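J.: Whatever this is, show me its structure:
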Amino acid sequence: MTVRKKCDTVIAVCVQEPTEDGSSMDLGLIKGDDLRFLHQAFITDTVANALEVTSADTRLYYIDDPDRKRLVKTALEYLEKKLDGKRLDGLHDRFSQYEQSREGWGHRMDHVFSDCFAAGYKNVLMIGSRTPTITPTMMKTALKMLKESDAVFGPTPEGRYYTIGLSGGYQIDLSNFDWKSSSIYSEVADAFTEKKLSWSELEIWYAVESSEYLEMMARDINQYRFEGDEFTAHETEVVIERILARL
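T.: Have a look, this model is predicted:
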């Protein structure tokens, strides 16, 4: 499933492995197949949210691995059946997927940005696959800020990132950083400042990497439903309910 570039802006969803450089999905009793199904729901919801942003193309990146390919295939087949309207149009017209070599997180981010800018995009917003509660509105805000800065950063409470956006080109090599570092957020931000590149900061959000954030995610989903948003993190909600009912 490959399409030509439609927009000048792209949302690049990069599938994270259960354990990446310096981080992991440690969700207590949720392990094995349950963790795989939940991760698949995270990916499904993040792609669906990105497709809601009609001003941007959506690209999905994942490692060249049989299990990961099956997971992605299942997620996309599900979206093909469940989406409608502009989201389904986006899946057909503004979506493409790409395989990556199995390397460290910094090298994989390097590949995403290099590949997107080489394809002709002017603005690239990269989002990992552990944050299914990032709404389309939040993505639009990030892209609006990105058009006025060289970069936009989304910090987590731990001093890491839930999203990074770059505009105009790939000017800082992210593969040069130690992504296991506890101060990675400030190290990357300082590198942009040293090169006199402007950057903007989004609200603090979280990646679901512990039971604590699993509970926070559940509260956010409940709040979305209270506000009338039945779309954001829908598949994640369904999978969580199934897992909890069984546990």
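J.: Tell me the secondary structure of the nearest residue to residue 140 once chain neighbours are set aside, please.
T.: For residue 140, ignoring the flanking residues on the chain, the nearest one in space by Cβ to Cβ, 6 or more residues apart in numbering is residue 53 at 5.8 Å. For glycine as for every other residue, the C-beta is placed from the backbone atoms N, C-alpha and C. Secondary structure state of residue 53, per DSSP: H, G, I helix; E, B strand; the rest coil, is coil.
J.: shaky segments in the protein?
T.: Where the chain drops to pLDDT under 70, the residues are 1-4.
J.: all helices in it, in order from the N-terminus.
T.: 32-51, 66-82, 85-93, 105-118, 136-146, 184-194, 211-226, 234-246 (DSSP state H).
J.: Next, count neighbours for residue 222.
T.: Neighbour count for residue 222, taken as other Cβ atoms under 10 Å: 11.
J.: typo on my end, residue 136
T.: 19.
J.: these two touch, right, it and residue 53?
T.: Yes: counting by Cβ atoms under 8 Å, residue 136 touches residue 53, with 5.4 Å between them.
J.: Give me the common contacts of these two.
T.: Contact with both residue 136 and residue 53 is made by no residue, according to Cβ atoms under 8 Å, 6 or more residues apart in numbering.
J.: thinking again about what came up before, I'd like the helices of the chain as TSV, with distance to residue 18 appended.
T.: Below are these laid out as TSV (distance: least, Cβ to Cβ, whole Å):
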stretch	distance to residue 18
helix 32-51	7
helix 66-82	11
helix 85-93	26
helix 105-118	13
helix 136-146	24
helix 184-194	19
helix 211-226	14
helix 234-246	15
